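Chemist: Quick one, what's the 3D model for this:
(one chain, ligands or ions: 2)
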Amino acid sequence: MPDLKIPIIDFSEFYSDNEASRNRVVDQVRENCLYNGFFQITGHSIPLDQQKKVMDSAKSFFALPQEEKDLVSKDNTTWNRGYEQLRSQILEEGTQPELKEGFYIGADIPKTHPYFVNKKLNSGPNQWPSGLADVEGFKASTMAYYNSALSLASDLMRALALSLDLDENYFKEFLDGTVATMRLLHYPTQPKDADEKLTRGIGAHTDFGAITMLLQDDVDGLQVWDQRNQTWIDVEPTPGALVVNLGNLMARWTNNKYKSNVHRVINKSGKERYSIPMFISGNPDYLVKCIPTCQSAENPAKYEPITVEQAVSSSYAESYGRAQLYKQGMGKAMDAKANTRPTQVAVA
Ligand SMILES: O=C(O)CCC(=O)C(=O)O
Ligand SMILES: [Fe+2]
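Modeler: Ligands and ions are numbered 1, 2, ... in the order given. Got it, this is the predicted structure:
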């Protein structure tokens with residue numbers, strides 16, 4: 001079996017004036033999007049200092065007493081902001097509720113904003129953990145990182161557009177007014193036989209949106225399904241690198257030319273693991289219809305046009321529904337159906 005790795009692309013070359021350098025980045029992006037939709041980038045625009053600060057903020061939040069975390073429960077909102085307890089989700093059918101806790105942050109959208117008034121996807125004010133000694137510092141570090149990640153997303157989407165032989169600004173309209181959600185995640189340690197016991201940090205799933213950018217701490221655990229070799233690839237944390245992957249929306253948009261791939265986390269390291277994914281969903285009203293360079297007479301569009309809002313609102317429910325059933329005593333029945341093959345559940 002080949003030595004499988006998620007390749008690292010030096011993205012700094014994309015910012016160069018030298019066309020050959022830029023093209024080299026675009027070619028590597030294309031190659032990985034065609035293969036399994038995952039790559040890592042170094043030399044990107046998010047300063048190391050912001051990465052470190054947001055990671056420290058995540059650790060300080062998860063170290064709070066449970067009651068303090070519950071005060072900012074995600075259940076206080078219908079717009080997906082705040083704290084989610086351990087074992088709230090099951091993304092992979094047949095596995096146990098997931099060993100991860102999370103804190104969801106997005107753009108701070110006031111209640112007077114049309115997105116909130118019209119109940120658009122994941123849109124509303126953030127909740128901030130007042131139990132933290134330095135809540136202002138938490139707000140500042142998380143939002144600084146969020147805004148930098150948004151700006152990097154637009155650079156990545158330009159590279160993606162070029163990789164599809166489109167105008168560099170093809171995705172601009174989709175990104176104007178984009179909904180983007182960031183999750184601070186904490187995975188407690190898991191036993192070495194976690195895989196066989198079907199305990200997951202996060203079960204096998206694909207992401208929903210257009211792209212996801214993930215900052216990992218120095219503890220491994222993320223695995224990407226390699227279809228060609230029928231095996232899991234461990235994503236080794238690389239200081240300063242972000243893992244980038246495509247979600248289901250991008251697969252649909254490209255007529256399945258680009259891949260939205262299955263991945264999972266099992267934290268067998270014996271250490272606490274922290275990670276911070278940022279999901280780019282797009283402008284909720286944007287109509288996603290097959291990209292012209294991804295269809296032809298021989299390969300017509302496979303999917304109907306759909307708005308970002310429609311596509312996203314048909315996600316979520318399934319994984320949370322499963323965890324709910326489990327808590328109601330259905331766990332045994334579900335274990336009996338246990339299946340370690342990756343499933344296609346989406347997360348946004
Ligand atoms: O924590 C990780 O490394 C991956 C998280 C993830 O896949 C997700 O939140 O969708
Ligand atoms: Fe994911």
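Chemist: residues from the stretch 151-300 of the chain in reach of ligand 1?
Modeler: Contacts of the stretch 151-300 of the chain with ligand 1, taken as CB under 6 Å from any ligand atom, map to 183, 185, 202, 207, 214, 216, 222, 263, 265, 275, 277. Where you see a C-beta, it was placed from the backbone N, CA and C, and this is true even at glycine.
Chemist: which residues in the stretch 1-150 of the chain form strands?
Modeler: Applying DSSP state E, counting those that start in this stretch to the stretch 1-150 of the chain gives strands spanning 8-10, 38-42, 82-84, 101-106.
Chemist: so which of the ones you listed gets nearest residue 231?
Modeler: Nearest of the strands of the stretch 1-150 of the chain to residue 231, taken as CB to CB: strand 38-42 at 14.0 Å.
Chemist: okay, and for the protein, where does confidence drop off?
Modeler: 1-2, 315-348 (pLDDT under 70).
Chemist: Recalculate using a threshold of 80.
Modeler: In the predicted model of the chain, residues 1-3, 194-196, 312-348 satisfy pLDDT under 80.
Chemist: who are the neighbours in contact with the closest residue to residue 288 other than its chain neighbours?
Modeler: Computed as CB to CB, 6 or more residues apart in numbering, the closest residue to residue 288 that is not its neighbour in sequence is residue 253, at 5.2 Å. Shown in contact with residue 253 (CB atoms under 8 Å, 6 or more residues apart in numbering): 210, 288, 289, 290, 291, 294.
Chemist: ok, of those, which come out buried?
Modeler: Burial by neighbour count, judged by 16 or more other CB atoms under 10 Å, picks out 210, 288, 290, 291, 294 from the contacts of residue 253.
Chemist: In strands, which of those appear?
Modeler: residue 288 (DSSP state E).
Chemist: and which of the buried ones among the contacts of residue 253 is nearest to ligand 1?
Modeler: Using CB to the nearest ligand atom, residue 210 comes nearest to ligand 1 of the buried ones among the contacts of residue 253, at 13.6 Å.
Chemist: thinking again about what came up before, I'd like the contacts of residue 253 laid out as a markdown table, including distance to residue 148.
Modeler: Converted to a markdown table, those look like this (distance: CB to CB, whole Å):
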| residue | distance to residue 148 |
| --- | --- |
| 210 | 18 |
| 288 | 26 |
| 289 | 30 |
| 290 | 32 |
| 291 | 27 |
| 294 | 30 |
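Chemist: Check for me that residue 214 belongs to a strand.
Modeler: Yes - the assignment for residue 214 (DSSP: H, G, I helix; E, B strand; the rest coil) places it in a strand.
Chemist: contacting residues around it?
Modeler: 222, 242, 243, 244, 245, 275, 276, 277, 278.
Chemist: check which helix or strand covers the residue in the chain sticking out farthest from the centre.
Modeler: Distance from the centre of the chain peaks at residue 297, with 33.7 Å (CA atoms, centre = their mean). Following DSSP states H and E, there is no helix or strand that holds residue 297.
Chemist: quick one: contacts for it?
Modeler: So residue 297 contacts nothing (CB under 8 Å, 6+ apart).
Chemist: Equivalent analysis for residue 255, please.
Modeler: Contacts of residue 255 (CB under 8 Å, 6+ apart): 290, 291, 294, 295, 299, 301, 302, 303.
Chemist: what helix or strand is it on?
Modeler: Per DSSP H and E, there is no helix or strand for residue 255.
Chemist: leaving aside the residues next to it on the chain, what's closest to it?
Modeler: Using CB to CB, 6+ apart and skipping the chain neighbours, the partner closest in space to residue 255 is residue 294 (4.2 Å).
Chemist: residue contacts, the residue of the stretch 51-200 of the chain found nearest ligand 1?
Modeler: Residue of the stretch 51-200 of the chain nearest ligand 1, by CB to the nearest ligand atom: residue 185 (5.0 Å). Neighbouring residues of residue 185 by CB under 8 Å, 6+ apart: 58, 100, 101, 102, 202, 274, 275, 276, 277.
Chemist: got the buried residues for the longest helix along the chain?
Modeler: Within the chain, and with DSSP state H defining each element, the longest helix by residue count is helix 135-163. Within helix 135-163, the residues scored as buried using 16+ other CB under 10 Å are 138-139, 141-146, 148-150, 152-154, 156-163.
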